[in-house]
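# Fold the stuff below for me.
(chains A and B)
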Amino acid sequence: MNELFPWRRPVKVPLPPGVKPQLIRHFSIGLLYPITEETKQCREQAGLSPVPPTAHMYPEAVEDIRTLIRAMKVDKKIGLDLDTMEYRFS
Amino acid sequence: MNEKEPVANTETSTSRYAFFLGCVMPVKMPWAESAIMKTLPRLGVDLTYVTKSTCCPRAGVWISVDKRVWLTLASYNLLQAEQAGRDLMASCNGCYVTLYEANKLLKEDPEELRMVNEYLQEAHNHYNASIRVRHLLEVLYEEVGIERIKTELPKVPIRVALHPGCHMRIFEDGRLVRYFTELTGALVNEVVPYELEQMCCGLQANLADREFATYERAKQKFDAIKALGVDALVIVCSGCYDQFERGIKILEKEIGYKFDIPIIHLAELLALSVGFAPDDFGMRLLRTASVEPIIEKWENRTR
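As a prediction, this is how the structure comes out:
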């Protein structure tokens, strides 16, 4: 491929700076916000389970999301290493 | 529990929903989640959670980067409800638009559905696109029934302003905004309109320009709402709430600005009205401003 298209180079996908940490949280915990001890206490006082029945309670959902992202090769496209959660491009 | 027993569900439930929590509500708005999960069953809605749910995800971000991600990750959430044999219900306008639009596309385009299932198979999942995605407002207005809410439930004696949010205008006929306005009007003494009611909270702008989102959107809305002298700002969208909460913290820290009007969820009014006490659903917890004046007006009314 390089012989045919020697000018091709990896292209940086322009992610807004505000989005980058959100994607790390999305692919680390499945959601944009973690559950804190204060949150757990408040949820119990509100008559809810301390941990909501989302990916917070089901870590296998996070594994599924990472599997899907890898299958689509989106991690390569946006330059995010899903193992270290570090961006290739600053 | 309040001295008055909550309204009993006297009708056989035909509505079976799984409630999609999204990212914000379970962490920052336990009062809204609890009010919804406790109140809707009292009104005849068979309601459970969408379990294993993840970020909806944000269509505005992902469609611009890679449309496959939006469709596939949305399908992952949709299939959790499908596997439970339920339609999906959302309260956050952003989650609703993401999931509604993805579901509509997958129902209409077999090729897109096939593509999504190729990826889902990697995680041993499959989506048939057999369910509906409904907004909390549609469930309340059309299925519980606006007339029933108007005639059977007492009003909370407060004056409020509304923040519908941009994504509530998803349908050309504007029905979600009409449902929101009529439902709130049925549950309070007065809904006070204002010129900036339809203006954006600033959430999307916050990704690109925090100062603009805070000062030219959130603060402008806060200024307009403070001038009304209302008891509360009513919302249903968790995304908008997230932006308002963030804006309130930034404005207080940077310029000492205070927005002392509580931001409440429509479901909290419903919960009070059907007979739950404020502490039954955690009304006093994690608030941006005290809800005591609202509770006092409500309790004085019931004495």
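
# going forward, measure contacts between C-alpha atoms and count neighbours the same way
Will do.

# burial count for B:Leu73?
B:Leu73 has 26 neighbouring residues, counting by other CA atoms under 10 Å in any protein chain shown.

# for it, what are its contacts?
Contact analysis of B:Leu73 by CA atoms under 8 Å, 6 or more residues apart in numbering or on different chains lists A:65, A:68, B:56-57.

# any idea how far it lies from B:Gln198?
The gap separating B:Leu73 from B:Gln198 is 30 Å, by CA to CA, to the nearest Å.

# Likewise for B:Thr98?
Distance from B:Thr98 to B:Gln198, by CA to CA: 20 Å.

# More neighbours: those two, which one.
B:Thr98 (19 against 16).

# residues from chain A in reach of chain B?
For chain A, the contact set with chain B under CA under 8 Å from any CA of the partner chain comprises A:13, A:16-19, A:26, A:30-35, A:39, A:42-43, A:45-48, A:52-58, A:61-62, A:64-65, A:67-69, A:71-72, A:74.

# Just the ones of those in strands?
In strands, judged by DSSP state E, none of the residues of chain A next to chain B are found.

# what's B:Val234 in contact with, if anything?
By CA under 8 Å, 6+ apart, the neighbours of B:Val234 are B:160-163, B:263-266.

# burial of the closest residue to chain B within chain A, as a residue count?
Chain A approaches chain B most closely through A:Ala46 (3.9 Å), counting by CA to the nearest CA. A:Ala46 has 25 neighbours, counted by other CA under 10 Å.

# Also B:Glu252?
Applying other CA under 10 Å, we find 12 other residues in the vicinity of B:Glu252.

# what's the following helix or strand after the helix or strand bottoming out on mean pLDDT in chain B?
Lowest mean confidence among the helices and strands of chain B (mean pLDDT, DSSP states H and E): helix B:59-65, at a mean of 77. For helix B:59-65, the following helix or strand on the C-terminal side (DSSP states H and E) is helix B:67-83.

# Average pLDDT for that next one, rounded please.
When pLDDT is averaged over helix B:67-83, the result is 96.

# for the residue of the stretch 151-300 of chain B found nearest chain A, what are its contacts?
Closest contact between the stretch 151-300 of chain B and chain A, by CA to the nearest CA, is at B:Gly282 (3.9 Å). When contacts are counted by CA under 8 Å, 6+ apart, B:Gly282 touches A:42-43, A:45-47, B:30-31, B:34.

# which intervals of chain A have sub-threshold pLDDT?
A:1-14, A:89-90 (pLDDT under 70).

# circling back to that earlier point, quick one: which of the contacts of B:Val234 is nearest B:Ile295?
Within the contacts of B:Val234, the smallest distance to B:Ile295 is 11.9 Å, found for B:Ile264 (CA to CA).

# tell me the pLDDT at that closest one?
Confidence score, pLDDT, at B:Ile264: 98.

# Now do residue 80: how many residues are near it, please.
I'll assume chain A. A:Leu80 has 18 neighbours, counted by other CA under 10 Å.

# Chain B is the one I meant
22.

# so what's it closest to, chain neighbours aside?
Distances taken as CA to CA, 6 or more residues apart in numbering or on different chains put B:Val50 closest to B:Gln80, at 6.2 Å, once the chain neighbours are dropped.

# now B:Leu196
In space, B:Leu196 is closest to B:Lys221, 6.4 Å off (CA to CA, 6+ apart).

# and the helix or strand the one you found falls within, which residues are buried?
Secondary structure assigned from DSSP H and E places B:Lys221 in helix B:219-226. Within helix B:219-226, the residues scored as buried using 16 or more other CA atoms under 10 Å in any protein chain shown are B:219-222, B:225-226.

# Tell me the pLDDT of B:Lys4.
Reported pLDDT at B:Lys4 in the predicted model: 45.

# TSV please, covering the contacts of B:Gly282 and showing distance to B:Tyr119.
Below are these laid out as TSV (distance: CA to CA, whole Å):
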residue	distance to B:Tyr119
A:Cys42	38
A:Arg43	35
A:Gln45	40
A:Ala46	38
A:Gly47	38
B:Pro30	34
B:Trp31	36
B:Ser34	34
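
# quick one: which of those is most hemmed in?
In terms of neighbours by other CA under 10 Å, those top out with B:Trp31 at 31 neighbours.

# what about that one, which SS state?
Classification of B:Trp31 using DSSP: H, G, I helix; E, B strand; the rest coil returns helix.

# Hmm, it is touching B:Leu285, no?
Yes - using CA atoms under 8 Å, B:Trp31 makes contact with B:Leu285 at a distance of 7.2 Å.

# can you list residues touching both of these two?
A:Ala46.

# Over to the closest residue to B:Val192 other than its chain neighbours. Which of the three states is it?
Nearest-residue entry for B:Val192: B:Ala161, 5.2 Å, with adjacent residues in sequence omitted and distances by CA to CA, 6+ apart. Secondary structure, three-state DSSP: B:Ala161 is strand.

# re the thing from before, make CSV from the buried residues of helix B:219-226 and add pLDDT to it.
Conversion of the buried residues of helix B:219-226 to CSV gives the following (pLDDT from 0 to 100):
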residue, pLDDT
B:Lys219, 95
B:Gln220, 95
B:Lys221, 96
B:Phe222, 97
B:Ile225, 98
B:Lys226, 97
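
# now those residues in TSV, with distance to B:Gly145?
Listed next are these as TSV, based on distance: CA to CA, whole Å:
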residue	distance to B:Gly145
B:Lys219	35
B:Gln220	35
B:Lys221	31
B:Phe222	32
B:Ile225	29
B:Lys226	32
